[in-house]
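Peer 1: Provided below for reference: sequence and predicted model.
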Amino acid sequence: MRKILYVEDDLINALVMQKLLKSEFEVIHSPDGETCMEILEKENFGLILMDINLGKGKMNGVETMHEIKAHPKTKDIRVIAVTSYALPEDRDRFLREGFDAYIPKPVDREALLKTIHQYLA
Amino acid sequence: MNFFKEYFIGDYLRSEPDVLKQASIRLIYNIVAVSVCALVVFFTIYLYKGFHYQLVKNVVIMTLFVGILYYIKAQKSITLVCHLLIFISWLNNNINIYLFDDFNFFIALLTVCNIIFAFHTLGNKAGILISIAHFVPIMLHAIGKFSGLQVGSAQPQQLAFMEVVITLTLIFFIIVYLIYHYHQAFELAKINIRKSVEELKTAKELAEEMNRLKTNFLSNMSHEIRTPINGILGLSQVIEMETDSDDIKNYVRLQQQSGHRLLNTITSILDLSRIEAHGSQLELKVIDLSKLVSESILPLEGLAKTKRLTFLFDPSAEKLKCLSDETMLYQVINNIVGNAIKFTDKGEVVIRTSMKDLAHVSIVVKDTGIGISEEFLPRIFHSFEQESTGRSRSHEGSGLGLAISKKYIELLGGEILIESKKDHGSTFEIVLPAYKG
């Protein structure tokens, strides 16, 4: 089964994502940006779902994404923002920052799977 | 002295916001009050010396001047008094010039004095007119004298040395006092203006800071609400996938419906607050109106089909362009067409785009739904109101959609027109300024 890395500080939301995608993907959970970078050192992923507000973590989702895109080894990984920042201008803001796609919370399973398949091709 | 000042002009001064005008009021009061004091002194002298005719003249003038003070107190106006004082001084000058054929240094100084006084108390226009009224007789007299004309047979008064000194000092004092008095008022006005500008600046900074805080707060609120809703709706979807019980599947679907409704209401409230926090941040670009309409009604086709309604879009043959904010307009069209479908149970919903007149484009949304009663029409754009409220409320929704639509369209420089009759359908028309280019 294909693996997806999900960076998310809220454990309930992490559980939701694992369960929603479990029929098609194995979701590896990272609670913050630093752990995400550690995981990426050991393992390669085709796609990362990134929360923006990472609570107590040192890096937020945007900074973590920049870090990922800056490393030659990880720069080709697609990073999708999955966030509760869902005001009308937020979509443009995150796409401009460099995310490959944007999914607002609350997530809808169908829409989520559609976007993931589109970017995991 | 202050007691009299407060009595005659206290209220008048407080009711006048302009410091220069306040200076005029104080000036007039000072002139008249000093005159009255002088008249009282002369009154005692005349009484003591037994000059009866002088005494009568003195009493008449004193009555007139005290009358002036009461006039100012009652009318709260000094215009007439200023005119009167200038006229008396002008008359005095001209009596000297024409009756005694004597234009001297004192008359010249008094003329200057009058002109300064007129400009300050009565304003520029009256100042110019009064200047001309002072200048013309003096000029005519000079020309006449040059041509050998002798006006007035009376001999010029011969002034004694002390009289010359006193008069000269007095007139100079008056001129300096006039200029000093107004200069001081002018300085005060300058300080006041500087202070108001600073206060305005602080108020503006405070308002901007408050707006920034409000925007931040709203953004955080939105985030903090969506995170737990994601947990609720996400787990609800997980349960729906994992359960084998049809009953439970049905329950969690209903749960999701409620969750989405809650989310919509919260989004609408946040939208409305955001317009109020920073209403003017528009992202304007040239929009192909018919294209935008067809995009924004696309997600509603399914709903219209479920309700078995005829759903038609009739775009204008010519290309309609307007300078607008795409996101906002999308939301408005989506809301108004959504409403049309929601409140129509059979028949049709037709959307038309057209050129309304040379300067405006319009989007007309016509339905055959329940319509709006005459009583409710004036309240239709109010937040949280639906025609059927309370227990008889038959249509879900927060009643915020039209309130937001109206604010958006107003920000975009347009208006929403409604024509409707209870049980006979409604027609909503969005009118926007056309883009020429």
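Peer 2: Great, that's in hand. Numbering: from 1, shown residues only, chains lettered A, B, ... in the order given.
Peer 1: which parts of chain A are helices?
Peer 2: A:11-21, A:33-42, A:61-70, A:90-97, A:109-119 (DSSP state H).
Peer 1: give the buried residues for the second one.
Peer 2: Think helix A:33-42. A:Gly33, A:Cys36, A:Met37, A:Ile39, A:Leu40 (16 or more other C-beta atoms under 10 Å in any protein chain shown). Heads up, the C-betas are built off the backbone N, CA and C, glycines and all.
Peer 1: and it, what does it pack onto?
Peer 2: Where contact means 3 or more C-beta pairs under 8 Å, 6 or more residues apart in numbering or on different chains; DSSP states H and E, helix A:33-42 is packed against strand A:2-7, strand A:25-30, helix A:61-70.
Peer 1: so which of the ones you listed is nearest B:Arg261?
Peer 2: strand A:2-7 (27.9 Å; C-beta to C-beta).
Peer 1: other SSEs contacting that closest one?
Peer 2: helix A:11-21, strand A:25-30, helix A:33-42, strand A:47-50.
Peer 1: on that earlier part again, in CSV, list the helices of chain A along with mean pLDDT and distance to B:Tyr46.
Peer 2: Shown next, in CSV, are the helices of chain A (pLDDT from 0 to 100; distance: least, C-beta to C-beta, whole Å):
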stretch, mean pLDDT, distance to B:Tyr46
helix A:11-21, 94, 103
helix A:33-42, 92, 102
helix A:61-70, 94, 95
helix A:90-97, 90, 91
helix A:109-119, 90, 105
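Peer 1: closest one to A:Ile103 among the ones you listed?
Peer 2: Of all these, helix A:109-119 sits nearest to A:Ile103, with 5.9 Å by C-beta to C-beta.
Peer 1: which strands and helices sit next to the closest one?
Peer 2: Looks like helix A:109-119 contacts helix A:11-21, strand A:47-50, strand A:78-83, strand A:101-104 (3+ C-beta pairs under 8 Å, 6+ apart).
Peer 1: so which bits of chain A are right by chain B?
Peer 2: A:10, A:12-13, A:15-17, A:19-20, A:23, A:53, A:83-89, A:104-109 (C-beta under 8 Å from any C-beta of the partner chain).
Peer 1: so how do I select the buried members of these in ChimeraX?
Peer 2: A single ChimeraX command is used to select the members of the residues of chain A next to chain B judged buried by 16+ other C-beta under 10 Å:
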select /A:10,13,15,16,17,19,20,53,83,84,85,86,87,104,105,106,107,108,109
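Peer 1: residues in contact with the closest residue to chain B within chain A?
Peer 2: Going by C-beta to the nearest C-beta, chain B is nearest to A:Val16 of chain A, at 3.2 Å. A:Val16 makes contact with A:Val107, B:Asn230, B:Gly231, B:Gly234, B:Leu235, B:Gln237, B:Val238, according to C-beta atoms under 8 Å, 6 or more residues apart in numbering or on different chains.
Peer 1: okay, and which of these map to strands?
Peer 2: Residues of those located in strands (DSSP state E): none.
Peer 1: got the contact list for the residue of chain A positioned farthest from its centre?
Peer 2: In terms of distance from the mean C-alpha position of chain A, A:Pro88 ranks first, at 20.0 Å (C-alpha atoms, centre = their mean). By C-beta under 8 Å, 6+ apart, the contact list for A:Pro88 reads B:Thr327, B:Gln331.
Peer 1: give me the distance between it and B:Ile404.
Peer 2: 12 Å (C-beta to C-beta, to the nearest Å).
Peer 1: any shared contact partners between those two?
Peer 2: Joint contacts of A:Pro88 and B:Ile404 (C-beta under 8 Å, 6+ apart) are B:Gln331.
Peer 1: which residues does stretch A:56-66 contact?
Peer 2: A:7, A:9, A:31-34, A:36-37, A:50-54, A:67, A:79, A:81, A:83, A:94, A:97-99.
Peer 1: that older thread, can you put the helices and strands packed on strand A:2-7 in JSON lines and add distance to B:Val286?
Peer 2: Output for the helices and strands packed on strand A:2-7, formatted as JSON lines (distance: least, C-beta to C-beta, whole Å):
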{"stretch": "helix A:11-21", "distance to B:Val286": "40"}
{"stretch": "strand A:25-30", "distance to B:Val286": "42"}
{"stretch": "helix A:33-42", "distance to B:Val286": "40"}
{"stretch": "strand A:47-50", "distance to B:Val286": "34"}
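Peer 1: in chain B, what residue lies closest to chain A?
Peer 2: B:Gly234 (3.2 Å).
Peer 1: residue ranges in the stretch 301-437 of chain B under the pLDDT threshold?
Peer 2: B:384-385, B:388-398 (pLDDT under 70).
Peer 1: how about the residues of it near chain A?
Peer 2: Counting by C-beta under 8 Å from any C-beta, the stretch 301-437 of chain B sits next to chain A at B:Thr327, B:Gln331.
Peer 1: what are the ranges of the helices in the stretch 301-437 of chain B?
Peer 2: Taking DSSP state H, counting those that start in this stretch as the test, the helices found in the stretch 301-437 of chain B are B:301-306, B:326-342, B:401-411.
Peer 1: over to B:Leu282. Which of the three states is it?
Peer 2: coil (DSSP: H, G, I helix; E, B strand; the rest coil).
Peer 1: that one and B:Asp246: what is the separation?
Peer 2: On the measure of C-beta to C-beta, B:Leu282 and B:Asp246 end up 49 Å apart.
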